[in-house]
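A.B. asks: Quick one, structure for this:
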Amino acid sequence: MHVRIDYGDTGIEVESPDDRTTVVEPIHQPASLDPRGLLKAALRGPVAGPPLRQVAHPGQSVAISVCDITRPQPRPLMLEAILDELEGIVEPSAVTVLVATGTHRASTEAELLEMLGERVVGECRVLDHSARDGDNLVDLGRVGDVPVLLNRAWVESDLRITTGFVEPHFFAGFSGGPKMVAPGLAGLETTLVLHDAKRIGDPRATWGVCEGNPVHDDVRAIAAATGVDFALDVLLNGEKRITRAFGGAILEMHAVAREAAREEAMRPVARAFDIVVTSNSGYPLDQNLYQTIKGVSAAAEIVRDGGTILCAAECRDGIPDHGGYARVLASADSPAALLEAIAASDETIPDQWQVQIQARVQQRARVMIHTAGLTDDQLRAAHLEPVADISDTLVQLVREQPDARIAVLPQGPQTIAYVA
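C.D. replies: As a prediction, this is how the structure comes out:
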């Protein structure tokens, strides 16, 4: 059979044997024919709490957090819906749009225009969050054992609104909601604790688990303790278009949104597979190797011990330079040694969490990557096997294992399969 899997902007075709291949996809939801109306309804009829217009007051300064370029959030639609709803109450010039980069790199000017649209860039103040800029962070004390440093423009605004989209997340349970505060707008010190080896290594820090997940428990606690006045999240289909919208009090809203996302994106399978072919959902999520570990992690949920994961990710930005990712990868000569070093250290190095998850998967399965953005030597240095052609590699793997059962996740981590 021929299966198109997401890759960059174009996708690629993969050929897999009909008699042994299972294609696992999320439940397809049609895009809303009136996304602006859907967003307006979410702002005016929230899941919990008052509508946005009742929360806002004349003369307030407003901060709105949005996802960075690695996420396919429909930012212009969401931001324009909020600006329209605030019309007559708050002037656009009083609105600061904060790109919640977490520890990622800053946006380019072209990316800001692509992400936000001409109206927002022209009418509002736009800022990239910087986790390492101490002058633009406010120390808010501790929540539990987590030191909380948040973006100054966010903290000092009168009205704080998060926007995002909700899908399963490989160690935080689900994206969106309170993650748009921390780690999205958090200082590096905060993120390092939220992503330390103990939390990331906890078996509850995984896809689809929020309550009892040590990462998400702290993320929710920080949002509750520091204050969010309104939250707006959406669900997206495979074409990255809006299907549903949810607004209101952040924790109550997110709980409802993530259950809706769970029903669509998390798909049961009867048993584990010998080979799992996955993507990283195409652009923008597959723009670098760091993000690609999400697709690998999704495949790991249904690969048998000793099985093989084949992941296609374009990686047009190569290996990102926004922390210690490349440095951590190069710090040991095998995945097992990486895990051992991370577990033994009292220090959390930026980006070590992605390496920790990659190495943990590689304790169970062989991981092979097809990409145009990295050389074979770069992949090998990252402890990964390069693949020139997914279909040809499948033929070879099946020749070596004639009874192999194959699963294909065409949309990568947009589908989280699990063994029922």
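A.B. asks: All the helices of the stretch 101-250 of the chain, residue numbers only.
C.D. replies: 109-123, 152-155, 188-194, 197-201, 214-226, 250-265 (DSSP state H, counting those that start in this stretch).
A.B. asks: no, scratch that, I was asking about the stretch 301-420 of the chain
C.D. replies: 325-329, 335-344, 352-362, 376-381, 390-400.
A.B. asks: pLDDT averaged over the third one, what's the number?
C.D. replies: When pLDDT is averaged along helix 352-362, the result is 96.
A.B. asks: what about dumping the CA coordinates of that helix to PDB?
C.D. replies: C-alpha atoms of helix 352-362 as PDB (Å, rounded to 0.1, in the frame of the first residue of the first chain):
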ATOM      1  CA  GLN A 352      18.700  17.400  28.400                       C
ATOM      2  CA  TRP A 353      15.100  16.300  28.700                       C
ATOM      3  CA  GLN A 354      14.900  15.700  24.900                       C
ATOM      4  CA  VAL A 355      18.000  13.700  25.000                       C
ATOM      5  CA  GLN A 356      16.800  11.700  28.000                       C
ATOM      6  CA  ILE A 357      13.600  10.800  26.200                       C
ATOM      7  CA  GLN A 358      15.400   9.900  23.000                       C
ATOM      8  CA  ALA A 359      17.900   7.700  24.900                       C
ATOM      9  CA  ARG A 360      15.100   6.000  26.800                       C
ATOM     10  CA  VAL A 361      13.400   5.000  23.600                       C
ATOM     11  CA  GLN A 362      16.700   3.700  22.200                       C
END
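A.B. asks: which secondary structure elements does that helix contact?
C.D. replies: Packing partners of helix 352-362 (3 or more C-beta pairs under 8 Å, 6 or more residues apart in numbering; DSSP states H and E): helix 197-201, helix 289-300, helix 325-329, helix 335-344. To be clear about C-beta, it is placed using only N, CA and C from the backbone, and glycine gets the same treatment.
A.B. asks: Check the fourth one too.
C.D. replies: Contact analysis of helix 376-381 by 3+ C-beta pairs under 8 Å, 6+ apart lists strand 385-386 as its packing neighbours.
A.B. asks: contacts for the strand it packs on?
C.D. replies: Outside of strand 385-386, the residues within contact range by C-beta atoms under 8 Å, 6 or more residues apart in numbering are 366-371, 374, 376, 379-380.
A.B. asks: hmm, which of those residues are the buried ones?
C.D. replies: Those of the contacts of strand 385-386 that meet the buried threshold are 366-371, 374, 379, by 16 or more other C-beta atoms under 10 Å.
A.B. asks: before we move on, the earlier item: with pLDDT added, can I get the contacts of strand 385-386 in JSON lines?
C.D. replies: Formatted as JSON lines, the contacts of strand 385-386 follow (pLDDT from 0 to 100):
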{"residue": "Arg366", "pLDDT": "98"}
{"residue": "Val367", "pLDDT": "98"}
{"residue": "Met368", "pLDDT": "98"}
{"residue": "Ile369", "pLDDT": "98"}
{"residue": "His370", "pLDDT": "98"}
{"residue": "Thr371", "pLDDT": "98"}
{"residue": "Leu374", "pLDDT": "97"}
{"residue": "Asp376", "pLDDT": "97"}
{"residue": "Leu379", "pLDDT": "96"}
{"residue": "Arg380", "pLDDT": "96"}
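A.B. asks: Let me know the closest of those to Leu86.
C.D. replies: Nearest to Leu86 among the contacts of strand 385-386, counting by C-beta to C-beta, is Thr371 at 42.6 Å.
A.B. asks: the strands in the stretch 1-150 of the chain, which residues?
C.D. replies: 2-5, 12-15, 21-23, 62-67, 95-100, 125-128, 137-143, 146-151 (DSSP state E, counting those that start in this stretch).
A.B. asks: Looking at the ones you listed, spot the one closest to Leu232.
C.D. replies: Checking the strands of the stretch 1-150 of the chain against Leu232 by C-beta to C-beta gives strand 62-67 as the closest, at 8.9 Å.
A.B. asks: Please write out the alpha-carbon positions of the closest one in CSV.
C.D. replies: Only the C-alpha atoms of strand 62-67 are listed here, as CSV (Å, rounded to 0.1, in the frame of the first residue of the first chain):
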residue,chain,number,x,y,z
VAL,A,62,-3.2,43.4,28.0
ALA,A,63,-0.7,40.6,27.4
ILE,A,64,-1.6,37.7,25.2
SER,A,65,0.7,34.6,24.9
VAL,A,66,0.9,32.7,21.7
CYS,A,67,3.0,29.6,20.5
